[in-house]
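Asker: 3D, please:
(2 chains)
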There are 2 protein chains.
Amino acid sequence: MTKTKVLLIGLGGVGTIAAYGLEFEGKSEVSAVVRSDYDLVKNKGYVIESCDYGHIDSYKPSHVYRNIDEAVRQGPYDYVVVSTKNIPDAYPVEASIGKAYTEGVTTIVLLQNGFGIEKPLLQMLPGATVLSGVSMISSTLYHGVVNHENDDLVKFGVFYNGVTPREQQEASCHRFLELYSNSKNKATYDPDVKYTRWRKLIYNATLNSACALTNVDVGRLELFGGIESVAKPAMREIIAIALSDGVELSPADMDVMIESDNGIWYSPSMLVDVRKGNLIENQVILGNALDVARENGIEAPTLTVLYNLLSIVQMRTKEEKKFFELPERRPDPGYKIEY
Amino acid sequence: MTKTKVLLIGLGGVGTIAAYGLEFEGKSEVSAVVRSDYDLVKNKGYVIESCDYGHIDSYKPSHVYRNIDEAVRQGPYDYVVVSTKNIPDAYPVEASIGKAYTEGVTTIVLLQNGFGIEKPLLQMLPGATVLSGVSMISSTLYHGVVNHENDDLVKFGVFYNGVTPREQQEASCHRFLELYSNSKNKATYDPDVKYTRWRKLIYNATLNSACALTNVDVGRLELFGGIESVAKPAMREIIAIALSDGVELSPADMDVMIESDNGIWYSPSMLVDVRKGNLIENQVILGNALDVARENGIEAPTLTVLYNLLSIVQMRTKEEKKFFELPERRPDPGYKIEY
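Answerer: Below you'll find the predicted structure:
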């Protein structure tokens, strides 16, 4: 049996477990584009400590490339799985995906956070089959060690492109689901990607945002009054925007999200990123939802303030990461940052 | 000539310059309540580096007390000047002021940030004369050294108590102004304290809040888009709430505040406090203004989110300062913090 060729862009905590799972039963051959850790992965591989797969001393995907161009020369690929952080305001990934895409061959899988993330891709590649992967995984990569702490529960579905037949896109999704599934993980078919992604925003646009801005985990946010004062008003706004977009969410989901990590002091992703000095996914988590609100005339005052504050935090991080440099003294109001 | 007896509560950056200025021409005898730095002040005094007074090797007020009770035994005092940070949710100061107050003798001077700060005091002491001091001073105390970096521009006026004759309260204010003024500083009479305090909120409730939440100074806030997206909407809300309270502010003041520290990367007070791990004055800067908004039915969505986020930050700091301790695991939703 020929193995299915998968190219994975973004070998982080989530991506490594995806790659390992795809190769676990020998159904796929995974090529990975690895930037900063290239030498480490090429020579030693990553250590994996996984609740699903146990301790793995050294994992290297079948092929490891320094950049997308090297990887493309070994194509074409049946699937291109994107598991980078989704930060279009800093690292747009469409150009890389475009290079790795072969019409009639490649299906793209966006295993990433956020809402509306398929749009720039479908604009660039109108007939492409683009799948959504929404993961509940908690897996982090730190100094060459992947710590995978709870079950890899992931849902794959179709971002319908409106061009090619729906059944064809769904068939490709089911093939990927079959490919991804193994005896250890729990991947399921997602019949309504839009619903799934709006629903996840009840958590990410609200709890994740408020925690990132106040430097507290979800449990503290609750005890410190922030769930009542900030998160719930924001959740109600998400529910209203989703409804204007044709998706009916249940207000009962608010409590599900709030109590989803009860028993532990859980730090959501944007809080972790802020603490590490990383850029945050505020554009795809909040910005795109607010675009829908604006288009549909829905008021979202709480989400608007959260988004605007996080956008300032993002610029602070960009300055720290030398995306630009500021002059020694505060300049005149007309000054513009260039980068 | 008998010297006027002044008790000063809060010998920090602002308080030390006030004490020094009051004693500079020998008109007042200042007693100060000093807590953590008592031994340092008693033995060595503070070093002062002042744009108004030059370098002073060692300054000790005429009398230094460990606590309010010791100070009260040496009373009565003509003036009690309060120059602590104003944090009613953590350190209410009314009880101390009450002890130091002698009816018919004492005038109270609140040399502090915020709006509505006289209310709890006038509730406790309905006939007291309470003065407002609004300072533009930039003066910080760090490791026994007071760095006073720009002119001591301060306005004193009356928080009318509605009980004793207005002329009597104003006369007391003018006496204090005469006492405080010397050849180096610039103290003026404030005929409309309410206006002055609402106007200062155009800066403090908006720029100060947004900077504290995003960890950027005012100049960066501007360059990173936060003045347009967060501060200006918040300023318009302050102007609307003030109007509902009978105070007409000029929209032109928005630009005055925004450009007030042009040329330097200025970090406003709540940002400095957050960076130092100190508690913040969010209650008197934002909370009290929002109480007025609620009473008068004025919408203030931006200020509301800013206040609610800062209140979470305040709880985080209280946890760090051991106001309470949390259990090892996130508890059930019914759990309440006690302190």
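
Asker: Let me see the contact set for the spatially closest residue to A:Gly157 that is not a sequence neighbour.
Answerer: Excluding the flanking residues, the one nearest A:Gly157 by CB to CB, 6 or more residues apart in numbering or on different chains is A:Asp190, at 3.1 Å. Every C-beta, even on glycine, is put in place using the N, C-alpha and C of the backbone. A:Asp190 sits next to A:Ser132, A:Val134, A:Lys155, A:Phe156, A:Gly157, A:Thr196 when contact means CB atoms under 8 Å, 6 or more residues apart in numbering or on different chains.

Asker: Please report how far A:Asp190 lies from A:Thr196.
Answerer: Distance, A:Asp190 to A:Thr196, by CB to CB, to the nearest Å: 5 Å.

Asker: Go through the contacts of A:Asp190 and name the one nearest chain B.
Answerer: Proximity of the contacts of A:Asp190 to chain B (CB to the nearest CB) peaks at A:Val134, which lies at 24.1 Å.

Asker: can you tell me the helix or strand for the closest one?
Answerer: strand A:129-135 (DSSP states H and E).

Asker: packing partners for the helix or strand just after that strand?
Answerer: Per DSSP H and E, the first helix or strand lying C-terminal to strand A:129-135 is strand A:138-142. Judged by 3 or more CB pairs under 8 Å, 6 or more residues apart in numbering or on different chains; DSSP states H and E, the packing partners of strand A:138-142 are helix A:13-24, strand A:145-150.

Asker: host element of the residue nearest in space to the middle of chain A?
Answerer: Nearest to the mean C-alpha position of chain A, by CA atoms, centre = their mean, lies A:Gln112 at 2.1 Å. Counting by DSSP H and E, no helix or strand carries A:Gln112.

Asker: Need the phi and psi values for the closest residue to it other than its chain neighbours.
Answerer: Setting aside the residues directly before and after it, A:Gln112 is nearest to A:Asn86 in space (CB to CB, 6+ apart), at 4.3 Å. Here is the backbone geometry of A:Asn86 (degrees, to the nearest 10): phi -100, psi 100.

Asker: returning to what we had before: ok, the residue nearest to the centre of chain A touching A:Ile87?
Answerer: No. Using CB atoms under 8 Å, A:Gln112 makes no contact with A:Ile87, being 9.9 Å away.

Asker: any common contacting residues for these two?
Answerer: With CB under 8 Å, 6+ apart, A:Gln112 and A:Ile87 have common neighbours A:Val284.

Asker: Residues of the stretch 101-250 of chain A that sit close to chain B?
Answerer: A:210, A:213-226, A:229-230 (CB under 8 Å from any CB of the partner chain).

Asker: all helices for the stretch 151-300 of chain A, in order.
Answerer: A:166-180, A:193-203, A:209-214, A:218-223, A:226, A:232-244, A:252-258, A:269-276, A:282, A:288-296 (DSSP state H, counting those that start in this stretch).

Asker: would CSV of those helices with distance to A:Ser138 be doable?
Answerer: Below are the helices of the stretch 151-300 of chain A laid out as CSV (distance: least, CB to CB, whole Å):
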stretch, distance to A:Ser138
helix A:166-180, 18
helix A:193-203, 13
helix A:209-214, 15
helix A:218-223, 13
helix A:226, 22
helix A:232-244, 22
helix A:252-258, 15
helix A:269-276, 10
helix A:282, 20
helix A:288-296, 23
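
Asker: now for these, which one comes closest to B:Pro92?
Answerer: Among the helices of the stretch 151-300 of chain A, the nearest to B:Pro92 by CB to CB is helix A:218-223 (22.6 Å).

Asker: For stretch A:286-305, which outside residues touch it?
Answerer: A:114-117, A:119, A:201, A:205-206, A:209, A:230, A:233-234, A:237-238, A:240-241, A:244-245, A:306-307, A:310-311, B:230, B:301-302, B:305-306.

Asker: mind checking pLDDT for the residue nearest to A:Gly157?
Answerer: Per-residue pLDDT puts A:Asp190 at 97.

Asker: how close does A:Leu110 get to A:Ala32?
Answerer: Taking CB to CB, one finds A:Leu110 at 16 Å from A:Ala32.

Asker: Provide a list of residues in contact with the residue nearest to the centre of chain A.
Answerer: So A:Gln112 contacts A:Val82, A:Ser83, A:Thr84, A:Lys85, A:Asn86, A:Gly133, A:Val284 (CB under 8 Å, 6+ apart).

Asker: Output the helices of the stretch 151-300 of chain A as JSON lines; include the columns mean pLDDT.
Answerer: Converted to JSON lines, the helices of the stretch 151-300 of chain A look like this (pLDDT from 0 to 100):
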{"stretch": "helix A:166-180", "mean pLDDT": "97"}
{"stretch": "helix A:193-203", "mean pLDDT": "97"}
{"stretch": "helix A:209-214", "mean pLDDT": "98"}
{"stretch": "helix A:218-223", "mean pLDDT": "96"}
{"stretch": "helix A:226", "mean pLDDT": "97"}
{"stretch": "helix A:232-244", "mean pLDDT": "98"}
{"stretch": "helix A:252-258", "mean pLDDT": "93"}
{"stretch": "helix A:269-276", "mean pLDDT": "95"}
{"stretch": "helix A:282", "mean pLDDT": "98"}
{"stretch": "helix A:288-296", "mean pLDDT": "98"}
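
Asker: Make a markdown table from these and add mean neighbour count to it.
Answerer: Below are these laid out as a markdown table (neighbours: other CB atoms under 10 Å in any protein chain shown):
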| stretch | mean neighbour count |
| --- | --- |
| helix A:166-180 | 17 |
| helix A:193-203 | 22 |
| helix A:209-214 | 27 |
| helix A:218-223 | 24 |
| helix A:226 | 27 |
| helix A:232-244 | 21 |
| helix A:252-258 | 16 |
| helix A:269-276 | 19 |
| helix A:282 | 27 |
| helix A:288-296 | 17 |
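
Asker: Which of the ones you listed sits closest to A:His143?
Answerer: Nearest to A:His143 among the helices of the stretch 151-300 of chain A is helix A:269-276; the distance by CB to CB comes to 12.3 Å.

Asker: elements contacting the closest one?
Answerer: Using 3+ CB pairs under 8 Å, 6+ apart, the elements in contact with helix A:269-276 are helix A:209-214, helix A:301-320.

Asker: Test my guess that A:Asp261 contacts A:Val218.
Answerer: Yes. Between A:Asp261 and A:Val218 there is a contact under CB under 8 Å: 5.7 Å.

Asker: Give me the common contacts of the two.
Answerer: Common contact partners of A:Asp261 and A:Val218 (CB under 8 Å, 6+ apart): B:Arg330.

Asker: who touches the host helix or strand of A:Ser58?
Answerer: Using DSSP H and E, A:Ser58 sits in strand A:54-59. Strand A:54-59 is contacted from outside by A:Thr16, A:Ala19, A:Tyr20, A:Lys44, A:Gly45, A:Tyr46, A:Val47, A:Ile48, A:Glu49, A:Ser50, A:Val146, using CB under 8 Å, 6+ apart.

Asker: Thank you kindly, that will do.
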